[in-house]
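Asks: fold the following and give me the result.
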Amino acid sequence: MPSPQSASSDLLLAAVRRARYEGGVDSAAPEAPGRRRFGNRLREVWRGVVLAADQGQRRRLGIVTFLLVPVIGLLDYESGFEVSLFLIYCLPVVLGTAAFGWRYGLLVAVLSVTSGLVSDYLAGAPYSSIFVLVGKGLMALLTYLVFIWLFDAVQTLQLEMQERVRQRTAALTAEIAARQRLEKSLLEISERERAAVGRELHDNLGQHLTGTAFAGQVLGEKLRALNLPEQADATRLVSLIEEGIEKTRRLARGLLFAETQQDGLVVALAGLTAEASAQFRISCEFRLQGECPLSDSRVASHVLRIAQEAVNNAIRHGGARRIDVGLDCRGDPIVLTVRDNGSGLPPADKRNEGLGLQIMAHRAQMIGGDLNIEPAPEHGTLIRCRLPRPSPSHEPIHVR
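Replies: Okay, the predicted model is just below:
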C-alpha cells in the first residue's frame, strides 16, 4: 500500500504532467474523448518507462528488450532488404536505456545494428563493398547513440523532478503535521486556562462574595436592631452581592465544562440546555438516544464545546427562541445535533468570517469527526457533528 507521501507525490507529478501536456491545447478545438483517453494512456505508459525505478520492472524491461531484438530482426529478414526497420530498433534501445542506463542501451544498440545488418545480408542485400556495410552500420549506431543520449537526459530530468516533488511533499507533510500539533496544543492550553479561571472564580471569588454577603446581612441586622433607615440600603446591597454570586457561579460552571469526565458529558449537555433556558428565558432542551460511549474526556470536552458554541450562536446571532440539542448514540457514527428556529444561516460571503464556526469545525476534525451546517427543514439552522464510535471496551455513560 503506497504511503501518503508517495501518493501526494504522484498527485503532484500528475498535475505537472497535465500542465506540461495540456497547457498548450487550443480551447477552440477540443480533443475527441477517444483520442484524449488514448493520449492519457500513452502518457501513463511513457511515465512508467521513463521512471522505471523498481527492480522488478527493470528486469521485465530487460527481458522484453532481449526478446524484441531477435523478433524485429526476424521481421526485418522476412520483409526483405528493400524495407528498412531501422526506426523499429529504437524501441529495444529505449527500453534498454530505461531499464539499466545508457551503457546497457549502447549494448542493445550494437545488437540492434548487428541484427539489422545480418538480416539484410541474409535477405540478399547487394552490398558492393564491405565499406558500404560498415558505413551503414556506423550511421545506424550513431543515430541510436543520439536516441540514447536524448532519452537518458529526459529520464534524468524526470527522476530529478520526481525527487524534488517528493522532498517538497515530505516537507509540506511535516509542516502540516507540526501545525496540527501546534493547534492541538493551543486548544489544550485554552481548555486548561478555562478550567483554571473557572476554579479560581468558584473557589476564591465565589467564597469572597459569599463572605461579603454574610457580612452585609450582619450589618443589616444591626441596623434593624437600631431601627435606622439605612437598613433598607443594606438589604439592597446584600441582594446585589447575591446576584453577583449567582453570576460568578454561572460563569465558573461554563468554564469548568472543559473538565468533562467519563460520566459527565450527558449531565453537562443537560446542564448547558437548562442554563440557557434559565438565563435567556427560551426553550432549550436536550435529548439523548441510546447509551453514550464517549469515555475519553478530551473527546467529550470537544463535543461539549461544539454544542456550547452552537447554542450561543443560535441565541446571540440567530435570535432563536427554541433550541433542541440531541445526542444520538445508537449507531456509528455518533451524531450531535443542534437545531434552532432562529433567523438561519448568514449570507454565503460572510459565513466564513465567523471565528466560532471555524473553531467548531476544527474541534470536530481534532476528534476525527466532521461538522455540517445547513438550513433547518422549516426555518432556522441545523448543525450536525458526526464522530466515530469508540471501541466497545469503554464503559458507557448513563443518564443520572
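
Asks: and the next helix or strand past the longest helix seen in the chain?
Replies: Criterion DSSP state H: the longest helix present in the chain is helix 130-200. Next along the chain after helix 130-200, taking DSSP states H and E as the criterion, comes helix 206-225.

Asks: tally of neighbours for Leu142?
Replies: With neighbours defined by other CB atoms under 10 Å, the count for Leu142 comes to 11. Bear in mind the C-beta positions are built from the backbone N, C-alpha and C, glycine included.

Asks: let me see the ranges of the strands in the stretch 301-400 of the chain.
Replies: With DSSP state E, counting those that start in this stretch as the criterion, the stretch 301-400 of the chain has strands at 322-328, 334-340, 370-375, 381-387.

Asks: in CSV: those strands, plus mean pLDDT.
Replies: What follows is the strands of the stretch 301-400 of the chain, written out as CSV (pLDDT from 0 to 100):
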stretch, mean pLDDT
strand 322-328, 94
strand 334-340, 94
strand 370-375, 91
strand 381-387, 93
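
Asks: so which of those strands comes closest to Leu122?
Replies: Ranking the strands of the stretch 301-400 of the chain by distance to Leu122, with CB to CB as the measure, places strand 370-375 first at 71.3 Å.

Asks: partners of that closest one, with directions?
Replies: Strand 370-375 has the following strand partners under DSSP bridges: strand 381-387 (antiparallel).

Asks: residues contacting the strand it pairs with, please?
Replies: Strand 381-387 is contacted from outside by 299, 303, 306, 310, 314, 318, 333-340, 342, 344-345, 360, 364, 367-376, using CB atoms under 8 Å, 6 or more residues apart in numbering.

Asks: show the buried residues in these.
Replies: Using 16 or more other CB atoms under 10 Å as the burial test, those include 299, 303, 306, 310, 314, 318, 334-340, 342, 345, 360, 364, 367, 369, 371, 373, 376 as buried.

Asks: shaky segments in the stretch 51-200 of the chain?
Replies: Within the stretch 51-200 of the chain, the segments meeting pLDDT under 70 span 51-54.

Asks: low-confidence regions, the stretch 201-350 of the chain specifically.
Replies: Scanning the stretch 201-350 of the chain for pLDDT under 70 picks out 202, 250, 253-263, 348-350.

Asks: roughly how far does Arg58 sit from Arg287?
Replies: When distance is defined by CB to CB, to the nearest Å, Arg58 is 63 Å away from Arg287.

Asks: more neighbours, the two?
Replies: Higher neighbour count among Arg58 and Arg287: Arg58, with 16 against 13, using other CB under 10 Å.

Asks: for the nearest residue to Thr143 once chain neighbours are set aside, helix, strand, or coil?
Replies: Spatial nearest neighbour of Thr143, excluding adjacent residues (CB to CB, 6 or more residues apart in numbering): Phe86 at 7.7 Å. What DSSP: H, G, I helix; E, B strand; the rest coil gives for Phe86 is coil.

Asks: number of residues surrounding Phe86?
Replies: Applying other CB under 10 Å, we find 16 other residues in the vicinity of Phe86.

Asks: these two touch, right, it and Gly116?
Replies: Yes. The criterion here is CB atoms under 8 Å, and Phe86 meets it with Gly116 at 6.7 Å.

Asks: name the residues contacting each of these two.
Replies: Counting by CB under 8 Å, 6+ apart, the residues touching both Phe86 and Gly116 are Ala140.

Asks: quick check: buried residues in stretch 153-171?
Replies: 155, 158, 162, 165-166, 169.

Asks: try stretch 140-149
Replies: Within stretch 140-149, the residues that count as buried by 16+ other CB under 10 Å are 140, 143-144, 147-148.

Asks: and that stretch, how far out from the chain's middle?
Replies: Put simply, stretch 140-149 sits 47 Å off its chain's centre (CA atoms, centre = their mean, to the nearest Å).
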